[in-house]
Every structure is written in C-alpha cells, then in structure tokens.
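In: Predicted model follows, preceded by the sequence.
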Amino acid sequence: MLIDCTQCKARVNAEEVAQFIGFDDETQFDVRYVFLRCPSCITPLLTVQWRPEEGETWDSARRLYPPIRRISFRVPMELRRSFQEALQCHESGHYLATALMCRRTLEGVCSHHLGNVKNLSQALKELHSKQIIDDRLCEWATALRDDGNLAAHDISARISHEDAEDLVDFSEAILDYVFVLRDRFVKYKSRRAKRRMKPRGKGA
C-alpha cells in the first residue's frame, strides 16, 4: 500500500502486516484498518479505509498513525489549506518549501484581519498594535517572516529539519491562538460576567 512514511520523509509501498474489517455504525459503511510497516525503516503505520458495502472498492487509505496534524475548523479554509501544505512539505523533507508555506500562512492571517497586505513586517506590527497577537507571538511571527524571506530570495539558503519543524509549530500556535483560543477566551469572559451578575441566594 502506498503511504507517506514520516521517518523516511517519502511515499513508500508499505508492507501489510495485519488487517481488521468491521462495520462503522456512524457512516453505515464497512471499515478496514490495516497495520503496515515501512520496508525501508520498519516504522509501524496504521491506516483506515471505508467502502459502502461488500464488493465495492475501498476508498483511499487515510493514515491514523503516526497521526496527521490537523488544524481546527475554526481556522478559515484557505489558511487551513496553506498550513496543511506546510505540513506536507515538512513530512516530505522539503524544508525550504516548508518555510515558504509557513510564511504564506502568516500572510494569510494578516490578510484575514487587515485586508490586502503589501508589507508583511508592517502588517505584523499592526496585528500587534490591535492586540490580535501578543508580544511572544509577534516575535514568533517575525521569525517566520524572516525564514520565509530567506527561503524565497536567497538561492544559497538552507533550512534544517529542526528549524522547519519549529516553523510549523510556531505557525500552528499562531493559528490556534488567533482563531481558536482568543475567541474562546472572549466567550469565557462573557459567560463569567453573566454569572457574576446573577443574584446569589441567601447564605451564599
């Protein structure tokens, strides 16, 4: 079975070790779990597939282990798409491309809040001044911008595996903060304020 191996950073023809076929009550489809191993590095892999009924073709395998990182659906679709491409570039070992896609994702965050972005450095300062990102995230975002610019304009640039992994982590943290945690905290404060306004019973 062709599947991406996170250890080899490549698509490999993994060897099937065992499988389990059952029925998924939620989808009302047959479900097939396949335990595999990479023929090169022996990394264990687990995939899942569905089919409408017996005799039909199984759909494309989706890797369950090692898990594929997925960003929250609260993040706008175009930003999720850019981030997923950054992940794919990182998993396949294309680290310059990873830096470029992380920068593209960051630029998308700025565009979402500020409209057309002509200067990313200035846009980040504006996000910071509007308190959309805090001091630490602004520092991370600036690092993303710098490495993204390096990957785009310096033909001799190199991005290491470790740096690319950090860039992906920082991008995910920015997306999570701006589109998930920030909104959740606003709603939490609203609920908390309403709770305080409720009259307390005697003896409270």
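Out: Received the coordinates, thanks. Numbering: from 1, shown residues only.

In: CA only for contacts and neighbour counts going forward, please
Out: Will do.

In: which residues sit in contact with F23?
Out: 29-31 (Cα atoms under 8 Å, 6 or more residues apart in numbering).

In: next one: the lowest-mean-pLDDT helix or strand in the chain to chain centre, how far?
Out: Across the helices and strands of the chain, mean pLDDT, DSSP states H and E gives its lowest value to helix 182-197, namely a mean of 81. Taking Cα atoms, centre = their mean, to the nearest Å, the mean C-alpha location of helix 182-197 is offset from the chain mean by 27 Å.

In: same thing with stretch 160-174?
Out: The answer for stretch 160-174 is 11 Å, by Cα atoms, centre = their mean.

In: Flag every buried residue along it.
Out: Buried residues in stretch 160-174, counted by 16 or more other Cα atoms under 10 Å: 161, 164-165, 167-168, 170-174.

In: Mind checking which of those residues land in strands?
Out: Counting by DSSP state E, no part of these is found in strands.

In: Closest one of those residues to Q88?
Out: Checking those against Q88 with Cα to Cα, the nearest one is V168 at 10.5 Å.

In: contacting residues around the closest one?
Out: 83, 86-87, 98, 102 are the contacts of V168 under Cα under 8 Å, 6+ apart.

In: any idea how far it is from L150?
Out: 16 Å (Cα to Cα, to the nearest Å).

In: So which of the contacts of V168 sits lowest on pLDDT?
Out: Within the contacts of V168, L87 has the lowest pLDDT, namely 89.

In: wait, doesn't that residue sit right on A99?
Out: No - the criterion here is Cα atoms under 8 Å, and L87 misses it with A99 at 10.3 Å.

In: more neighbours, these two?
Out: A99 (30 against 25; other Cα atoms under 10 Å).

In: name the element that one belongs to?
Out: Under the criterion of DSSP states H and E, A99 resides in helix 95-114.

In: neighbours around L96, how many?
Out: As a burial measure, L96 scores 23 neighbours (other Cα under 10 Å).
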